[in-house]
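**Q** Take this sequence and fold it.
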Amino acid sequence: MGWLRRLWIRLRLLVLRRGGGAVGALYCPECAALLRQGEKPPPHEVCPRCEGKWASLQASWYPYEKGEGREQQRHPCPRCSKTMRTGSFIGKKFTADHCAPCGGYWFSRIDWVSFILG
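**A** Residues are numbered from 1 along each chain as shown. So this is what the prediction gives:
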């Protein structure tokens with residue numbers, strides 16, 4: 001994702017959170033769409049546009065190791081807007097973005113399927 005697209009998404013999220021959006025609503029870090037509640041466990045929110053998923057998971061249940069390098073910092077957190085870091089779950093082949101302050105994870109559509117299937 002280019003720097004201009006990341007800037008546009010951050011600005012859109014800022015406007016939505018400062019009065020243009022619903023109070024307490026979560027917005028997609030990839031396309032800034034309003035997230036809706038997922039239907040199946042584990043509890044999560046779904047982006048209707050890109051089908052990404054936001055989940056607040058117990059860190060002790062899912063051992064996670066951070067990726068290396070500046071390129072690994074990708075998306076703003078849907079909950080607190082801090083930059084999430086990309087990494088992978090120990091022993092798994094897929095990646096997810098993790099927000100350390102919130103403890104939440106952002107999954108792409110493909111990575112969510114891999115996470116659910118184990």
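**Q** From now on I want contacts and neighbour counts done on CA atoms only, so please keep to that.
**A** Will do.
**Q** Would you map the strands across the protein?
**A** Here the chain has its strands, by DSSP state E, at 36-37, 45-46, 53-56, 64-66, 73-76, 83-89, 95-99, 104-107.
**Q** Could you export the ones you listed to CSV, including columns for mean neighbour count, mean pLDDT and distance to residue 113?
**A** Converted to CSV, these look like this (neighbours: other Cα atoms under 10 Å; pLDDT from 0 to 100; distance: least, Cα to Cα, whole Å):
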stretch, mean neighbour count, mean pLDDT, distance to residue 113
strand 36-37, 14, 89, 17
strand 45-46, 23, 92, 13
strand 53-56, 22, 88, 10
strand 64-66, 16, 63, 17
strand 73-76, 20, 73, 20
strand 83-89, 20, 83, 14
strand 95-99, 25, 85, 11
strand 104-107, 24, 89, 9
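**Q** CSV for the ones you listed, including distance to residue 11?
**A** Formatted as CSV, the strands of the chain follow (distance: least, Cα to Cα, whole Å):
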stretch, distance to residue 11
strand 36-37, 21
strand 45-46, 21
strand 53-56, 20
strand 64-66, 26
strand 73-76, 11
strand 83-89, 14
strand 95-99, 19
strand 104-107, 19
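**Q** Tell me which of these approaches residue 2 most closely.
**A** strand 73-76 (10.1 Å; Cα to Cα).
**Q** ok, the residue nearest to the spatial centre of the chain - contacts?
**A** Against the mean C-alpha coordinate of the chain, by Cα atoms, centre = their mean, the closest residue is residue 106 at 2.5 Å. Residues in contact with residue 106 (Cα atoms under 8 Å, 6 or more residues apart in numbering) are 52-55, 96-98.
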